[in-house]
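Q: Everything below, folded, please.
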Amino acid sequence: MHNDFLSAAVLFRSNAIEGTDMKLTRIVTASMLLLAAISSTAHAQVQKTREQVQAELREAIRTGDVIAAGDAGLKLNELNPQRYPHAAAVQTKTRAQVQAELAEAIRDGSMVAAGEAGTTLRDEFPQRYPQLAVAPSRTREEVIAETREAIHNGDMYPAGEAAEKLNDQAAQRYAGRRGLYTAQVQSATSATRGAAR
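A: As a prediction, the model looks like this:
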């Protein structure tokens, strides 16, 4: 009886180990296949010739754009900038142009004010500067009409944190309305054009 119990326990233990080994084998196999697929696609993306690689290396050595020996992790041109050529600074504006821009920024208040707030002079002292001309925008009626159209077509986000618009969540509900509404707008537009003639 005791031997039967012992042999059953050993058999159970060996089956459990074999199941674990099988799972481990599957995981390792899947991981290796995934790694092989990733490495093959990464390798297939860039195909350079030997001459191109050698030319890039020569240019990197010439400009000091190679990692220096040691633990610093800096490039040679960062450690010894005096030894390597610098890129020529491109001057796009003259001194007079920069001074004129500064004077204009001070005059219209678009210059950033002193301090850490990052506000402009116009923001801090609005009484010193003339009001900016505001471009005409849509009327209240136009905004209301657009909102109603969006509600009607489901082209709005529902309340809450949904990432899809209503017409994406319930496409069958809004598909017919969208076509009907478009037809109504087209007929109203053509009727307005006909009356204008």
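Q: Now do the same contact list for the most centrally placed residue in the chain.
A: Nearest residue to the geometric centre of the chain (Cα atoms, centre = their mean): A163, 16.7 Å. A163 sits next to no residue when contact means Cβ atoms under 8 Å, 6 or more residues apart in numbering. Backbone N, C-alpha and C define where each C-beta goes, glycine included.
Q: Kindly report the same for the one 4 residues further on.
A: N167 makes contact with N153, G154, D155, R173, Y174, R178 under the criterion Cβ under 8 Å, 6+ apart.
Q: And the residues you listed, which is the shakiest by pLDDT?
A: Ranked by pLDDT, these bottom out at R178 (58).
Q: what's the farthest-apart pair in the contacts of N167?
A: D155 and R173 (12.5 Å; Cβ to Cβ).
Q: how near is I61 to Q52?
A: 15 Å (Cβ to Cβ, to the nearest Å).
Q: before we move on, what about K165?
A: Applying Cβ to Cβ to K165 and Q52 gives a distance of 48 Å.
Q: swap in P85?
A: As judged by Cβ to Cβ, P85 and Q52 stand 22 Å apart.
Q: same check, this time on Y157
A: 50 Å.
Q: Of these two, which one has the most company?
A: In this view Y157 and Q52 are compared by other Cβ atoms under 10 Å, and Y157 has more residues nearby, 14 against 10.
Q: OK, contacts around the more buried one?
A: With Cβ under 8 Å, 6+ apart, Y157 has these contacts: E164, K165, L166.
Q: so can I have JSON lines of the residues you listed showing secondary structure?
A: Listed next are the contacts of Y157 as JSON lines, based on DSSP: H, G, I helix; E, B strand; the rest coil:
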{"residue": "E164", "secondary structure": "coil"}
{"residue": "K165", "secondary structure": "coil"}
{"residue": "L166", "secondary structure": "helix"}
